[in-house]
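K.L.:
Predicted model follows, preceded by the sequence.
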Number of protein chains: 2
Amino acid sequence: MASTQLIFTDRAAHRAWLARQAKLPAGFRVGTARFEFVPREAPKPAKMTLTLIALDRPTPDFAAMFTRNALPGAPIIVGRQRLDAPTLGAIIVNNKISNVCAPGGVATAERICRDAGGLLGLAATQVLPSSTGVIGWSLPEAEIVLALPQAVAALAGDSILPAAEGIVTTDLYPKIRRADVGAGSIVGIAKGAGMIEPNLATMLVYLLTDLAVPRVELRAALQRAVETSFNTISIDSDTSTSDTVALLSSGRVPCDDLAAFERGLTQVCRDLAEDVVRNGEGVRHVIRVTVRDAATPELARALGKAIVNAPLFKCAVAGNDPNVGRLIQAIGKHVGAHAPTTDLSRLRLRLGGVEIFADGVFQLNPEKELALVAHLRAAELYASAPPVAGVFTAAVDFPPHERCVEIEVSPGNGHAAATVLGGDLTHEYVSENADYRS
Amino acid sequence: MASTQLIFTDRAAHRAWLARQAKLPAGFRVGTARFEFVPREAPKPAKMTLTLIALDRPTPDFAAMFTRNALPGAPIIVGRQRLDAPTLGAIIVNNKISNVCAPGGVATAERICRDAGGLLGLAATQVLPSSTGVIGWSLPEAEIVLALPQAVAALAGDSILPAAEGIVTTDLYPKIRRADVGAGSIVGIAKGAGMIEPNLATMLVYLLTDLAVPRVELRAALQRAVETSFNTISIDSDTSTSDTVALLSSGRVPCDDLAAFERGLTQVCRDLAEDVVRNGEGVRHVIRVTVRDAATPELARALGKAIVNAPLFKCAVAGNDPNVGRLIQAIGKHVGAHAPTTDLSRLRLRLGGVEIFADGVFQLNPEKELALVAHLRAAELYASAPPVAGVFTAAVDFPPHERCVEIEVSPGNGHAAATVLGGDLTHEYVSENADYRS
C-alpha cells in the first residue's frame, strides 16, 4: 500500500526523513502553543497543545470529511457548517480533550474560532475547529483563549513538523507524508492512535496543497482518496467521535493535471493511513489483508475488516503464533452473520505467501508452521519489553520498517478486491488504555 | 440475571456448592478418559479429555442448536444431521482440538460416533459428536478410539461434575447449574471461555433433564431460552466455529407443567451464560448493560453488544477507570453505522446507578467520578497479579462474587428492552491468547 518501503535504523534517521517530508507548500504557516491547565471534571493538572494552521489568504478551495459516529464532537458539528462557508483561512486544533457531548461545547468551539480569527483578521466562520482527547470533558476555554496569541506569534512557513507534533496524543512519533506534483506539492499530517475504525475518515488528518484545485474537484478527490485509505484501516474497531480529514488548497501553483493531483493525494492518504496503523496504540505487527476474487467490493472489505478486528487472531499475531484457525473463525463469523448465502467452497487463504487453506480444508504441516512463525517474527516492529510497575510501554519512538503480516484471502466467488490494514492486540494496547487518563 | 447472588470465599466453598448442583437427573450417566497424544500439525505432546454423556435408554426427545459461523466444525455438520434421527443415546465430547476444516474431519467424527455407539449398543446416528479446542488441526482418531472403552467403563450416574471438568479448555473452573422442577430436574454444564459472541448458542453447553417433554416442545423451549441467555453475551465478539447447546430428556419423570419446565430451563441457561462470562478468558469485571426504552428489541440488544464489544471501554473497565466517553463512542458508532436515523436526543446513561449522561451532554463532576471508581472496584473479580515471565495468569480458580459493572442505557425512543453481558479486556486475556497454543 505504501509508495515506499522505508527502513529506519534509529530515531535520528526517522527525524531526518521527517524533516525532508515536512516542507510546507506555498501559502501556509503553522504555529503551536503549549500550556498547563486543570480539567473541571477530574482536578489534576494536564497539558494541552494548541496547533494553528493558517493560510496567507483565505481560500474557497477546501474540503473536509467527518466521523459518522452518531454522537459527534462539537468541532464536528461546527465543521459541518463550515463546509458551506465561502472561504476558510485557518484550522485551530487542540489535543487532550475532544470536546464531545460536553455542556456548552459548541459555544466554546465557536468562541475559540472567533478569538483565533480575530488575531488573524478572519471571521469565526473562516476558522475550522478540531479537538482530540478525552471524550466528555469540557475544554478549558479561558486558558485556550489566553494561549492563542502565542500560537499566532509562532506561525512560520518553513516546516509542518511543529503541527505534526502538536496534534498527537498517544502517538509515538509524528506522521508526515508528501507528494510532489509538478511544481506544487501535497503535504499531510495525521494523529492516531486509538479508537480507530474510521467510518469515512479517521482521527485528525490535515492535508495542505499549494496546487490550485477548485472546491468541487477538491472535495470529490478527497472523498475518493479517503475511501481507499483511511476507510480501509482499523486499529481497534472503535469509531472516534472526532474523526476529521481536512484538505486545504492555497491555490499558489496552477494545477494543469487533475489526475496527477488525485494520484498524489491518494498516495499521501494511503501512506498516512498506513502510518496511523503502524503507530496504532500498542501495535507491534501491522496486518495487511488483501482480498481478491470476492463477489462484491463490500464483501471484500468486510472480510478484511472481520480479520483485522478479530481479537483472538490479533492476539495470536501479537504472540507470533500462526493460529490460522482464528482466521477461519473471523471469515466464517462475518459470512454467517451478514452474508449467509455466500459460497465459501472455493475459499483460499495464504499467510506470508504460504498456502494455508484450500479445497475446504486447512493445508498445514510442521514445515509450513515454521515458515509462518518466521513471517510473523519478521513483521514484528519491536519485541515487547517487560512491564515496569505493571505497565507495558512501546519500545520504539520511530517506525523501524514497513513490513506487514501479509494475508491473502480469495473467496473465489467474483472479481472484486480490497486491501485492509490493521494491527495486533498486545499488552501495550491494554496498558495504554487501562491507564490512559491517569 | 442470575437467580441467585452467590459469594464464595474460597475454592473449597465453590466446590462444595458445585457438588450440590451436580446431582444427575434420572436416566443419565457420565464418564471421562484422559490421554496424551502428538498432534499431526505441530508435533509436541498434548493432552485430551474424552467426555461421554449416556442415556440409559435412547430418547426421541432431544434438541440442539449450533453456531451460525459459516465455516463450522465437522461435529456441527454431523450434529445438524442428528437432529433428524429418531432417537439419541449419547454425546461424545473431546477438548483440545475442535475438528474444524481439517481434512477428513466429518469421517473422523462419524468413526468416533460408530465406535462409541458400538460400545454402548447404539448406532452411530444415535451419538452426537462434539469437539472444542484448536481450529484447523486433525483429531487423533486412533488415540480417541483407543480411549473410548475407558470412558465407557467410567460411566456413573451420580454426578455431572466429571463431565463439567472434562469439557473445559481455558476455563478456570467447572460450570454447573440446576433447576428443580416438580419431581424432576434440569442440570446444565458449560464450557467457555474465549471466541464467544454466540450467534445462536455458545461454546459447548449440555442440558440434561429427567422431565418428560416431547421433542417439539423441547426444541421450541430451548430456542426461546437460548435467545435470552447465550445469545445475549459476548466475551470478545468472536463467534466460535463449534458453538453447541444440546438438551436431552430421559423422560423418567412426568412433566405436568410445561411452563414451569421452560422457566427452569431458561433460568439454568441464563445462569450458565452468566457463568461463562464470569469465567471468560481474562475477565476481571463482568459488564451488564441493561437497555430500556429503546425503539426496537434489535436496537436494544445491539446497543448492549456495541458497549460490551468496544475494546477501549473494556480496557477502561479493566483499569477501574470510569472513562465514560468511551461508552458514548460505542453507542454513537453503532447508531452512526447501522441506524443513522435513530433519535438520540433523549439518551440517558447510568453507571453503577449514577447518572452520567442526560439532555445531550455528560453529567459529570469529581464526586461522581469517585463513586464510579468505587463501583468499578467493587465489581472486580480479582486484582491483576504481576506477570511471571511476561505472562499474566488469572489469580482465582473460583468465582468470588456475582457483582457486575452495571450500565443502564435509555435511548428514550420506544419501549423495548434487552440485557447484555460482557467482560473487560485485560492483560490476562492477551496472555491467554498470545500463548494459547504453545
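P.N.:
Here it is on my side, so go on.

K.L.:
Shouldn't residue A:425 be within a strand?
P.N.:
No. Judged by DSSP: H, G, I helix; E, B strand; the rest coil, residue A:425 forms no part of a strand; its state is coil.

K.L.:
neighbouring contacts of stretch A:394-402?
P.N.:
Here stretch A:394-402 makes contact (CB atoms under 8 Å, 6 or more residues apart in numbering or on different chains) with A:2, A:4-11, A:13-15, A:172-173, A:274-275, A:278-279, A:282, A:286, A:381-385, A:428. (Each C-beta comes from the backbone N, C-alpha and C, glycine too.)

K.L.:
Now a PyMOL select for only the buried ones of these.
P.N.:
To isolate the buried subset of the contacts of stretch A:394-402 in PyMOL, counting by 16 or more other CB atoms under 10 Å in any protein chain shown, use the following:
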select buried, chain A and resi 2+8+14+172+173+274+275+278+279+282+286+381+384+428
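
K.L.:
What residues does residue A:265 make contact with?
P.N.:
Residues near residue A:265 by CB under 8 Å, 6+ apart: A:179, A:186, A:207, A:209, A:221-222, A:225, A:247.

K.L.:
wait, which of those residues is closest to chain B?
P.N.:
Of all the contacts of residue A:265, chain B sits closest to residue A:222, with 19.6 Å by CB to the nearest CB.

K.L.:
Does that closest one belong to a helix, a strand or coil?
P.N.:
Following three-state DSSP, residue A:222 is assigned to helix.

K.L.:
Tell me how many other residues crowd it.
P.N.:
Residues contacting residue A:222 under the criterion other CB atoms under 10 Å in any protein chain shown number 24.

K.L.:
what do you get for the one 3 residues further on?
P.N.:
Other residues within reach of residue A:225 by the criterion other CB under 10 Å amount to 27.

K.L.:
Kindly report the same for residue A:104.
P.N.:
Neighbour count for residue A:104, taken as other CB under 10 Å: 14.

K.L.:
repeat for residue A:86
P.N.:
Residue A:86: 11 surrounding residues under other CB under 10 Å.

K.L.:
So which elements touch the host helix or strand of residue A:187?
P.N.:
Secondary structure from DSSP states H and E places residue A:187 in strand A:184-191. When contacts are defined as 3 or more CB pairs under 8 Å, 6 or more residues apart in numbering or on different chains; DSSP states H and E, strand A:184-191 sits against strand A:175-181, strand A:204-212, helix A:258-278.

K.L.:
now it: mean pLDDT?
P.N.:
This predicted structure assigns strand A:184-191 an average pLDDT of 90.

K.L.:
Ok, stretch A:48-57 next?
P.N.:
Over the span of stretch A:48-57, the pLDDT mean works out to 96.

K.L.:
Which neighbours in the sheet does the strand holding residue A:187 have, and how are they oriented?
P.N.:
Using DSSP bridges, the strands paired with strand A:184-191 are strand A:175-181 (antiparallel), strand A:204-212 (antiparallel).

K.L.:
which of the ones you listed sits most buried?
P.N.:
Comparing the strands paired with strand A:184-191 by mean neighbour count (mean count of other CB atoms under 10 Å in any protein chain shown), strand A:204-212 ranks first with a mean of 27.

K.L.:
For the residue in the stretch 251-400 of chain A positioned nearest to chain B, give me its contacts.
P.N.:
Going by CB to the nearest CB, chain B is nearest to residue A:325 of the stretch 251-400 of chain A, at 2.4 Å. For residue A:325, the contact set (CB under 8 Å, 6+ apart) comprises A:362, B:98, B:100-101, B:134-137, B:241.

K.L.:
could I get these as CSV with secondary structure and neighbour count?
P.N.:
Formatted as CSV, the contacts of residue A:325 follow (DSSP: H, G, I helix; E, B strand; the rest coil; neighbours: other CB atoms under 10 Å in any protein chain shown):
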residue, secondary structure, neighbour count
A:362, strand, 26
B:98, coil, 31
B:100, coil, 30
B:101, coil, 23
B:134, strand, 24
B:135, coil, 27
B:136, coil, 27
B:137, coil, 24
B:241, coil, 31
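
K.L.:
between those residues, which is nearest residue A:433?
P.N.:
Residue A:433 lies nearest to residue B:135 out of the contacts of residue A:325, by CB to CB, at 27.9 Å.

K.L.:
Now do the spatially most central residue of chain A, the pLDDT please.
P.N.:
When CA atoms, centre = their mean is applied to chain A, the residue found nearest the centroid is residue A:276 (4.3 Å). Note on residue A:276: pLDDT of 87.

K.L.:
Hmm, it is touching residue A:234, no?
P.N.:
No. The criterion here is CB atoms under 8 Å, and residue A:276 misses it with residue A:234 at 10.4 Å.

K.L.:
Not counting sequence-adjacent ones, nearest residue to the residue of the stretch 251-400 of chain A closest to chain B?
P.N.:
residue B:135 (2.4 Å; CB to CB, 6 or more residues apart in numbering or on different chains).

K.L.:
got a list of what that neighbour touches?
P.N.:
Neighbouring residues of residue B:135 by CB under 8 Å, 6+ apart: A:323-326, A:328-329, B:73, B:98, B:100-101, B:241.

K.L.:
ok, now residue A:296?
P.N.:
Counted by CB under 8 Å, 6+ apart, residue A:296 has contacts A:414, A:416.

K.L.:
which stretches of the stretch 251-400 of chain A form helices?
P.N.:
With DSSP state H, counting those that start in this stretch as the criterion, the stretch 251-400 of chain A has helices at A:258-278, A:297-308, A:311-318, A:325-338, A:366-379.

K.L.:
So what's the residue count around residue A:337?
P.N.:
15.

K.L.:
what's the pLDDT at it?
P.N.:
The predicted local confidence for residue A:337 is 85.

K.L.:
repeat for residue A:434
P.N.:
For residue A:434, the model assigns a pLDDT of 84.

K.L.:
how far away is it from residue B:349?
P.N.:
From residue A:434 over to residue B:349 the distance is 21 Å, taken as CB to CB, to the nearest Å.

K.L.:
Then residue A:56?
P.N.:
46 Å.

K.L.:
Name the residue in those two with the higher neighbour count.
P.N.:
More neighbours surround residue B:349 than the other of residue A:56 and residue B:349, with 21 against 13 (other CB under 10 Å).

K.L.:
residue ranges with poor pLDDT in chain A?
P.N.:
Residue ranges of chain A with pLDDT under 70: A:1-4, A:193-202, A:435-438.

K.L.:
Please name the residues that touch residue A:381.
P.N.:
Taking CB under 8 Å, 6+ apart, we find residue A:381 in contact with A:278, A:283-286, A:396, A:399-401.

K.L.:
Please repeat the previous calculation with a cut-off of 7 Å.
P.N.:
Counting by CB atoms under 7 Å, 6 or more residues apart in numbering or on different chains, residue A:381 touches A:284-285, A:396, A:399-400.
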